[in-house]
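Peer 1: Predicted model follows, preceded by the sequence.
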Amino acid sequence: MVETLTEIDIVIRLCLAFAAGGIIGFERSSRRQVAGLRTHILISLGASCLMLLSVWLPQKLGEGDPGRIAAQVVAGMGFLGAGAIIKLGNNIRGLTTAASLWLTAAVGLTIGAGMYIAALTVVILALVTLIALHAVERKLFPEDNWKQ
């Protein structure tokens, strides 16, 4: 059975994408990362909007491949994420932020497709990774042992 996308579905999905991007972005902003709250919200919203378009077009036209736009979002995020990576001497910074941007796009696509439980699970696991595992990483690998 094909689900018909209604305007209320669209609004709910976009609001959830806003919230999900905001949650991940808040964590990045709390660590003073350049790509923070607003960047993550915009990426999640944009990805969700494009996924909604992917779902809506075949519904409206009767044909089409909902995966085509989503595939382009995934590829495009690699380009945007590369901009978050900075090489300073022997150090590379921004890899986690680039990964969180890519993940936020995936969350937006997932919400746009209506997979709310999957998106919520990813956001929770992302926060565990970014917050809890950061503390574990610092404990196991103290900064004074890191390359400068």
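Peer 2: Right, received. Where do you want to start?

Peer 1: residues contacting the residue nearest to the spatial centre of the chain?
Peer 2: For the chain, the residue sitting closest to the mean C-alpha position, by Cα atoms, centre = their mean, is residue 104 at 0.4 Å. Taking Cβ atoms under 8 Å, 6 or more residues apart in numbering as the criterion, residue 104 is in contact with 20, 21, 24, 25, 40, 43, 44, 47. From N, CA and C alone the C-beta is placed, and that goes for glycine too.

Peer 1: Show me which of those residues is closest to residue 69.
Peer 2: residue 47 (9.7 Å; Cβ to Cβ).

Peer 1: since we're on the nearest residue to the closest one once chain neighbours are set aside, how many residues are nearby?
Peer 2: Nearest residue to residue 47 in three dimensions, chain neighbours excluded: residue 108, at 2.9 Å (Cβ to Cβ, 6 or more residues apart in numbering). By other Cβ atoms under 10 Å, 33 other residues sit near residue 108.

Peer 1: can you check residue 7 too?
Peer 2: Neighbours around residue 7, by other Cβ under 10 Å: 7.

Peer 1: Next one: it from residue 87, what distance?
Peer 2: As judged by Cβ to Cβ, to the nearest Å, residue 7 and residue 87 stand 46 Å apart.

Peer 1: Could you report the pLDDT at the closest residue to residue 56 other than its chain neighbours?
Peer 2: Nearest non-adjacent residue to residue 56, counting by Cβ to Cβ, 6+ apart: residue 5, 5.4 Å away. Per-residue pLDDT puts residue 5 at 86.

Peer 1: if I look at residue 5, how far off is residue 125?
Peer 2: 27 Å.

Peer 1: Likewise for residue 62?
Peer 2: From residue 62 across to residue 125, the span is 37 Å (Cβ to Cβ).

Peer 1: hang on, residue 52 in a helix?
Peer 2: Yes. Under DSSP: H, G, I helix; E, B strand; the rest coil, residue 52 sits within a helix.
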